[in-house]
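Novice: I would like to see how this sequence folds:
(one chain, ligands or ions: 1)
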Amino acid sequence: MPHYPEPVRILILGGTGEARALAAELVAAGVDVLSSLAGRVTQPRLPDGPVRVGGFGGARGLVAFLRAEQITAVIDATHPFAGQITAHAAQAAAQAGVPLLVLRRPEWAAAPSWDLVPDIGGAAAAVRAWPGESVFLTTGRRDLDVFAPDDRHRFLVRTVDPPEGPVPPRMTLVLDRGPYTVEGESALMRRHGVGLLVTKNSGGPMTEAKLSAAAALGVRVVMVERPPLPAGSAVVTTVAGAVRWLSRGSGGE
Ligand code: NAP
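Specialist: From the prediction side, this is the model:
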């Protein structure tokens, strides 16, 4: 059972709605909390309370940060596909002797019609093998390069900020960040004649509507599975679970 020395100072590794909700709750309760963002999106939704932006300089940099800022517990509330910062957080927290909790929203429950792939390369291979034409890609702007050599399919690509690297030649770009409705997603997929949806299993309600729309329209789904968490991670799936972990110093929900 982790022990929390007084005074408590919590670092939230953020970039998600859960991280913002947790920050809001802790700030409202008067807890000393600092949120950290990577600085990837141009206009991030900012959490309540103090925020720092930018990488730490790897696990070693994070160790130094935890010590300099006298952090007493870390909540990794990053996106389920932000595997590098999650690995760094596990290493750094262990090295600095700071308790760490991973707050990770539940996965979407698999549907029988999904093709599960282990990573984005697997998704690109599944698209290459698909005989249809119009593909809806919602895997993020930094994962587009693996689809760039594909000139056979038409890609409807939706990202928060514009892509920077190589993109597929037959691409229609939609800049949007959700949340989305089933009606809106259905209309978008119908308008572009989408036959295949490629997405990551991010979980959560913000982007779930596309799955209901795809099911209703008979659109196939290629689902990229989450990277595994570091061995031995303490994990909760809800903000309430994280608050309980912090207040009780226990590792479960
Ligand atoms: P990543 O690949 O796991 O991390 C790459 C590097 O970015 C890390 O090594 C770290 O740099 C820095 N970093 C990441 N998250 C950070 C944070 N919260 N605070 C400070 N530095 C951070 O991460 P990513 O996939 O680029 O995601 C970046 C951010 O966007 C995360 O905060 C994540 O929650 C959010 N996000 C990601 C996705 C996604 O699909 N991946 C979707 C929505 C939101 P150093 O090594 O220099 O410390």
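Novice: Alongside the ligand, which residues does the stretch 51-200 of the chain contribute?
Specialist: 55-58, 61-62, 78-79, 81-85, 88, 140 (C-beta under 6 Å from any ligand atom). (Glycine included, C-beta is placed from N, CA and C.)
Novice: how about these, which pair is most distant?
Specialist: 61 and 140 (24.2 Å; C-beta to C-beta).
Novice: Tell me which of the two has more neighbours.
Specialist: Using other C-beta atoms under 10 Å as the criterion, residue 61 and residue 140 rank with residue 140 on top: 20 against 13.
Novice: Rank the residues of the stretch 51-200 of the chain next to the ligand by pLDDT and give me only the lowest.
Specialist: Ranked by pLDDT, those bottom out at residue 140, which has 93.
Novice: Now for the closest residue to that one other than its chain neighbours, how many residues are close by?
Specialist: Excluding the flanking residues, the one nearest residue 140 by C-beta to C-beta, 6 or more residues apart in numbering is residue 159, at 6.4 Å. As a burial measure, residue 159 scores 21 neighbours (other C-beta under 10 Å).
Novice: Run through who's touching stretch 170-189.
Specialist: The contact list for stretch 170-189 (C-beta atoms under 8 Å, 6 or more residues apart in numbering) reads 136, 151, 153-163, 167, 192, 194, 197, 205-207, 209-210, 212-214, 216-217, 219.
Novice: can you tell me the distance between the two ends of that stretch?
Specialist: The first residue of stretch 170-189 is 16 Å away from its last residue (C-alpha to C-alpha, to the nearest Å).
Novice: helix or strand for residue 46, which one?
Specialist: Following DSSP states H and E, there is no helix or strand that holds residue 46.
Novice: Report pLDDT for it.
Specialist: At residue 46, the model reports a pLDDT of 96.
Novice: Likewise for residue 98?
Specialist: Listed pLDDT for residue 98 reads 97.
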